[in-house]
Each structure stands twice: as structure tokens, then as C-alpha cells.
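K.L.:
give me coordinates for this.
(chains A and B, ligands or ions: 1)
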Amino acid sequence: MSDTFIISIVTFIYFAAAFSYLISFVFRKKPVAFIALALTVLGIIAQTSAFIIRWIHSYKLGIGHIPLANFYESVTFFSWSIIFIYLVMGVRYKNSLIGALANLFAFILLAYASLSGDMSSQIQPLVPALQSNWLTIHVISCFLGYACFAISFGTSVLYLIRQRFKKNPVNFLPEPEFLDEVTYKMISIGFVLLTLGIITGAAWADHAWGRYWGWDPKETWSLITWLIYAAFLHARLVRGWKGTKMSLLSIFGFLAVVFTYLGVNYVLSGLHSYL
Amino acid sequence: MIACTAKQIPRIIKLTLPEKNKFSDSIFGSSQIKKNVQCHKSLSDLEEKAASLLKSLVSMPVQVRKDDKSYFFSEKGRYSRMGFIFIHLSILLILGGGLIGAIWGFDGQMNIVEGKSGDTMFLYGGEGPRKLGFEVRCDKFKVDFYKTGQPKEYKSDLTILENGKKVLSKAIRVNHPLIYKGFKLCQGTYGIAGTDNFQIVVKNKKTGKETVLTLNLMEKTSLPDSKFLFAIAKFMPNYQNHGPAVLGVLIEPEKAHEMLWLFKGHNQQMKDLSFIFKDFDSRYYTGIQVSRSHGVNIVWAGCILLLVGFVLSLFFTHTKVWLRISERKDGCEVKIAASVNRNRKDFEEKLEKLVIRLQAE
Ligand code: HEM
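P.N.:
Numbers count the residues shown, from 1 in each chain, chains lettered A, B, ... in the order given. Presented below is the predicted three-dimensional model:
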């Protein structure tokens, strides 16, 4: 079975998981949440095998490298990271809505990877600059960080919706304190991972080009993202901010993540344009 | 930021030092988290139970007995307070290291033709040449391609020479630099610097005899069995989009020269001779990115400190619990005070469980 075929199946699994989580949330049905969790686990197992199959296949083509080297591969890995972070960090909140969010994001990313016209799913040879072990840990830590930020973005949006319709009696969303707490936890983990990502990126640049920081657009934007989240943590730890202002900061931060990830490639160009 | 961090340092240090008021009564009134419970048990029973519960929740408690009251104090994660100092200090280190690099560091490029050596780099930003203080020789350059034609790997065998003497030899590739005297030499680019050893097959159509010539540019040779001389006047890597070609010159003594562009791999005629331009060697130059970055080690130290600070700060919590058991008529009164620097909610839940277990039979 080809890895791209498995990925198209996984796309549907994540959709089904998101849907089941939503059903379980709206109708407060525990067994459905269990089915949703089982689907999520099935999805990530299948996606991990697709990753390994693709990896092995690249060696058969004589251009062997870990599949983290082009846009298609990075988008699929992003979706994998979100599910991974959900299973490691998010499950213990025992809230179906978080599961629905994670699966929905993963589904959207995979659907985008398969349907978008400007993305080739072919395995491509690796240019010499990318042939480095730093690449692997750099990409993995960045994407795990982005995954945390994606989930905190989701909980922040829910927080704002929840606050906007405070007086609405059919408000079935989770307690605002809970959403605020999840946002904060996810951002603290994501921040450490992003820091690790930036540091390993700098180490790699130092190895490949003899300089650890070059104000390349991607580097600059990752620094801006980092500063926004540092501001978030300070607002919370130093000023004791909570609630709406924090949600807005977190949404802001995630927009910076998206711009760092996509905008820089489409709008600006630089060393990272291969992704 | 310096001011802010410095202002916090005394407070942090105070919090990191061992707790002085381990067994005071006032803490039960002033602490963030307070609990007060009645237990119908004897003092000694409760002491034993409290010690083991505190041990599993926090750490092995210290205990004193004053009159009819028993005091416990238990603490963990004290050093997580230092995370804050580490994080801010590390940012200063990174900025400081970066500043040092910006002031004293420089980078540029040097191109060395295979077999030749160089001792000068050209600074980026048009700042002109700069001597390295040693010589770099490129002994060999090699590039491999994928089937698609993209470069797969390129490699330069370099030798460092000091006053003409060989000091060190190393092959550099992209992502595998050479460091010498603080200079980092990274494989950057490459290109074709020159060509030689043009192979031309000449066939005499009358005699049917074939000769292979190996020529350099502007090098005259006489062709065997004939009165002609032959030379290559020019080379074009891609002449009129038909690929590499050489300008062949056929010289007949005391007559006008005859010239013809010979395309690589084609059979072409001049007089009664046929020529095939078979092959040629190209000499590459290697483009080396040279940088002298001061302060990098300070930056890396800062990065490591930053990560250590995060781990301390985010994954450990400074937890302190004070517990006092006093005898009452029908059992004991237990007062608990606690403080944590984060995750207060989680901790309060755990403390609640401790209280329930303390009261349980
Ligand atoms: C721009 C200048 C900065 C100032 C003025 C500043 C100031 C402060 C202050 C006053 C605290 C409170 C400490 C406490 O109450 O325990 C704090 C905490 C913190 N700062 Fe900064 N900071 C700055 C930059 C940064 C940056 C760039 C980072 C990036 C990671 C950072 C990371 C942190 C963290 C993680 C904490 C929480 C430490 C803890 O709770 O243990 N700070 N900062």
C-alpha cells in the first residue's frame, strides 16, 4: 500500500474521530468518546506506518531520507504532531471538545495536503543543505510546538465564544476557567518546544553556513512568534492576566505561527523556502 | 530586563534558601492555602499517618514535638525557583554573545580552484578582501548528482598551510565544516573554473586511420600522416544552446586557416578529415563560506541555560507544607498550611485527598 493512499484513509479516520468526539460532547455520551479515542489512536498508528513506509520507500528510490523535507511532508507531519500532542497531553483533560479540536485540525491539514494543487506528494531528493541530523530534531521540535499552539488557539477561540454568549442559556461549552487553563498549559509546553526548535535551527545553520542567525525571514518570524508567547507567559506570571486578553494574545501568537509556517514561504522568500 | 530580574533576585534567593519558619504557629494564619480538620484519633496514630502521607505527597517531613503539639514540615522543588534567574540570565548571555559576534565577527566567501590555494576571503556586504593569516588549498573537489540532475553532495578536500607547511587536511561537505583557528570553513557553492584535456578523435578518411588527441586550449599539434596542424582556439560550455563546443582550427602551412565549431559528440568534417569532439575535463572551483564568529560559545551556553531554566521552571513546583497536630478532648485538631508557586489547583486537589485519608479509619 502506498503511503499517500494510507494518508487518504487516515484523513477520513480523523474526520470520523472529530465527529464522534463532537457527538460525545453534545450528547454527553461516554461510550462515544471511547470510540472517538479508539479512532484517534487507530488514525495515528496508520499515519505512523505511512510515515515509515514513505521513509523506507525513499531508500528504495536511492534518495533515502526521513520524510520531513518538503511541503507535503511537513503538512502531514504537522497533523501527526497535533494528534500526538493530544494523546500525550490532551487526553487527561477528559474533555471531548479538546479531542474534537485536535482531530478537526489534523483532518483539515491532511485534506489540504491531499487536495491542494500546489503541493507535490512525490518523494524528492534532498539538497545537500538538508542532509543533517539537526534537520530531524529541528523540524520535530518546531512542529510539536506548533501543535501545542494549534490546540491552545482552538481553546482560546472557544473561550471567546463562550464569553461572548455568556448569558445564553444553551451555552454548553466547557467552563471558561477550564479553557483558560488548557490554553496556558499548552502554551507553556509549546513555548519550550519552540525554543528548542529555534535553538536546534540555529545550531544547524551554524553547521551548514557558519552562522547561527542570519535574519532570514523565517528566522525573524519565528523570533516574533517566540516573543508573542513570551509576552503571553509574562502577562500571566507577572501581571496575573487571565481570560479574554490572554485568549487574544494566544490567537495572535497562533497567527504568527501560521505566518511563520506558510506566509513566509508564499510571501517572502529565503533559505527556508523549501520548507 | 536586567533591572527587573535583579530586583527579583533577592526575593528568589530568599525563597530558595531553606525555610526558616518550619515550625511556627503564625504560618497557619497567613499562608495561601489553609486547612483545618478534626480527627477522632490519638496523637501518635495521627503522627505516623501524617508522616507517611506527607512523604508520598511532598517529601520526607521533618518533625518536632512542642508540649502537646506535633509539627511537621515538608518541602520539595526548591530549586525550581532558580529557573526564573536561569532563564533571564541566559537571555542576557545570548544577547551578549550575539553582540560580541556582531562587533568582532565577520563572514565572507573564498573561491578556490581545484589544485590551487588561497589566503584571502571576500567579506559579505562588499566590505572588501581580508587575509586569513593562513593558506587554504583545495586538493580535490567532487560533486555527485541525483538522477534528476540535482546535486546530491559536494565535497572539497582541503589542506591548511602555515608558511607553506602542511598543518591539517580535511574534507568538507555541506553540513560538515572545518574549524581552524576560530575560522569556520563551510562548503557553500561550487562552479566551473576552467576546462582542459579536450579529447578529439581525428580520422583520416583516405587511410581510415584514427588518432585520439588530448589537447589544451591554444596548443598546436601536428596530425599524423598529414601536413596539417590542429589546435583548439576556444571553448564554449553551451554554444548556441547545443551544448559544449570547441572551435577547432586546421592549419595548413602557408595557406589560410580553416575553422569549425565542433559540437560534443558529433562527427564533423574539415578537408578530408573527420573530427569528433569526445570529451573534456572541467576544473571546478569550490566556494567556501568563511566565518569568524566570536561569542558563539557564550550563545550556546545561554541556550543550554535557557532550556535548563525552562525545565526547572515549568516541570518542577516549589511546594511547602506545614502541618500541626494538637491534642483535643475527643481526638486531635490538624492544621495544614501550604504554598506552591504554580499549579495551585492540582495541588489543592491532592491536598484534599490527603485530608480525607488522614481522617479515614
Ligand atoms: C524583556 C525583558 C524581561 C523582563 C522585564 C522580564 C521580567 C520578568 C519578571 C519580573 C518575572 C517574574 C518573576 C516572578 O515573579 O517569579 C518574569 C518571569 C519569567 N520570565 Fe521574564 N522578563 C523579561 C524577558 C523574558 C524573556 C525574553 C523570556 C523568554 C523566555 C522570559 C521568561 C520568563 C519566564 C519563563 C518567567 C517565569 C519564571 C517562573 O515563574 O519561574 N522573560 N520575567
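K.L.:
all helices for chain B, in order.
P.N.:
Using DSSP state H, the helices of chain B run over residues B:2-16, B:27-30, B:43-57, B:82-104, B:296-315, B:344-359.
K.L.:
to chain A, which of these lies closest?
P.N.:
Closest of the helices of chain B to chain A is helix B:296-315, at 4.5 Å (criterion: Cβ to the nearest Cβ). In short, each C-beta sits where N, CA and C put it, glycine included.
K.L.:
neighbouring contacts of the closest one?
P.N.:
With Cβ atoms under 8 Å, 6 or more residues apart in numbering or on different chains as the test, helix B:296-315 has contacts from A:188-189, A:191-192, A:195-196, A:199, A:202-203, A:206, A:212, B:79-80, B:82-87, B:89-94, B:96-98, B:100-101.
K.L.:
what's the angle from that helix to helix B:82-104?
P.N.:
Between helix B:296-315 and helix B:82-104, the angle comes out at 160 degrees (axes from the mean of the first three to the mean of the last three Cα atoms, to 10 degrees).
K.L.:
endpoints of stretch A:59-76, how far apart?
P.N.:
Taking Cα to Cα, to the nearest Å, stretch A:59-76 runs 19 Å from one end to the other.
K.L.:
I'd like the distance between the residue of the stretch 251-361 of chain B found nearest the ligand and residue B:85.
P.N.:
Closest to the ligand within the stretch 251-361 of chain B is residue B:313: 3.9 Å, counting by Cβ to the nearest ligand atom. As for residue B:313, its distance to residue B:85 is 10 Å (criterion: Cβ to Cβ, to the nearest Å).
K.L.:
related to what we said a few turns ago, mind putting the helices of chain B in TSV, mean neighbour count and mean pLDDT included?
P.N.:
Compiled in TSV, these are given as follows (neighbours: other Cβ atoms under 10 Å in any protein chain shown; pLDDT from 0 to 100):
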stretch	mean neighbour count	mean pLDDT
helix B:2-16	12	78
helix B:27-30	14	83
helix B:43-57	17	88
helix B:82-104	18	92
helix B:296-315	19	92
helix B:344-359	15	87
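K.L.:
how about the ones you listed in TSV, adding distance to residue A:156?
P.N.:
Formatted as TSV, the helices of chain B follow (distance: least, Cβ to Cβ, whole Å):
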stretch	distance to residue A:156
helix B:2-16	27
helix B:27-30	36
helix B:43-57	33
helix B:82-104	24
helix B:296-315	19
helix B:344-359	19
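K.L.:
nearest to residue A:5, of these?
P.N.:
Smallest distance to residue A:5 across the helices of chain B (Cβ to Cβ): 39.8 Å, for helix B:296-315.
K.L.:
what's the spacing between that closest one and its chain's center?
P.N.:
Distance, stretch centre to chain centre, for helix B:296-315: 15 Å (Cα atoms, centre = their mean, to the nearest Å).
K.L.:
which regions of the stretch 151-275 of chain A sit below the pLDDT cut-off?
P.N.:
By pLDDT under 70, the low-scoring segments of the stretch 151-275 of chain A are A:167-171, A:265-275.
K.L.:
and the helices in it, which stretches?
P.N.:
Under the criterion DSSP state H, counting those that start in this stretch, helices of the stretch 151-275 of chain A are mapped to A:176-209, A:217-237, A:244-258, A:264-266.
K.L.:
closest residue of the stretch 51-200 of chain A to chain B?
P.N.:
residue A:128 (3.7 Å).
K.L.:
quick one, what contacts residue A:69?
P.N.:
By Cβ under 8 Å, 6+ apart, the residues touching residue A:69 are A:124, A:126, A:130, A:135, A:274.
K.L.:
tell me the secondary structure at it.
P.N.:
The three-state assignment at residue A:69 reads coil, by DSSP: H, G, I helix; E, B strand; the rest coil.
K.L.:
list the residues that contact the closest residue to residue B:238 other than its chain neighbours.
P.N.:
Nearest residue to residue B:238, sequence neighbours excluded (Cβ to Cβ, 6 or more residues apart in numbering or on different chains): residue B:244, at 6.7 Å. Residue B:244 sits next to B:235-238, B:263-264, B:277, B:280 when contact means Cβ under 8 Å, 6+ apart.
K.L.:
ChimeraX command to pick out the buried ones of these?
P.N.:
Buried subset of the contacts of residue B:244, written as a ChimeraX selection, criterion 16 or more other Cβ atoms under 10 Å in any protein chain shown:
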select /B:235,263,264,277,280
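K.L.:
want to throw the contacts of residue B:244 into a markdown table with pLDDT and distance to the ligand?
P.N.:
Converted to a markdown table, the contacts of residue B:244 look like this (pLDDT from 0 to 100; distance: Cβ to the nearest ligand atom, whole Å):
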| residue | pLDDT | distance to the ligand |
| --- | --- | --- |
| B:235 | 88 | 58 |
| B:236 | 84 | 57 |
| B:237 | 74 | 52 |
| B:238 | 74 | 53 |
| B:263 | 91 | 63 |
| B:264 | 87 | 60 |
| B:277 | 91 | 64 |
| B:280 | 87 | 58 |
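K.L.:
so which residues on chain B come close to the ligand?
P.N.:
Counting by Cβ under 6 Å from any ligand atom, the residues of chain B close to the ligand are B:1, B:4, B:8, B:83-84, B:87-88, B:91, B:313.
K.L.:
of these, which is the nearest to residue B:230?
P.N.:
residue B:91 (70.6 Å).
K.L.:
for residue A:226, see how far away that closest one is.
P.N.:
As for residue B:91, its distance to residue A:226 is 11 Å (criterion: Cβ to Cβ).
K.L.:
could you do residue A:65 as well?
P.N.:
28 Å.
K.L.:
same check on residue B:44?
P.N.:
In this structure, residue B:44 and residue A:226 are 56 Å apart, going by Cβ to Cβ.
K.L.:
check residue B:152 too.
P.N.:
As judged by Cβ to Cβ, residue B:152 and residue A:226 stand 34 Å apart.
K.L.:
what do you get for residue A:199?
P.N.:
Distance of residue A:199 to residue A:226, given as Cβ to Cβ: 11 Å.
K.L.:
okay, those two: which has more neighbours?
P.N.:
More crowded of residue A:199 and residue A:226, by other Cβ atoms under 10 Å in any protein chain shown: residue A:199, with 22 against 19.
K.L.:
now the more buried one: closest residue in space that isn't a chain neighbour?
P.N.:
Ranked by Cβ to Cβ, 6+ apart and with sequence neighbours excluded, the top spatial neighbour of residue A:199 is residue B:303, at 4.5 Å.
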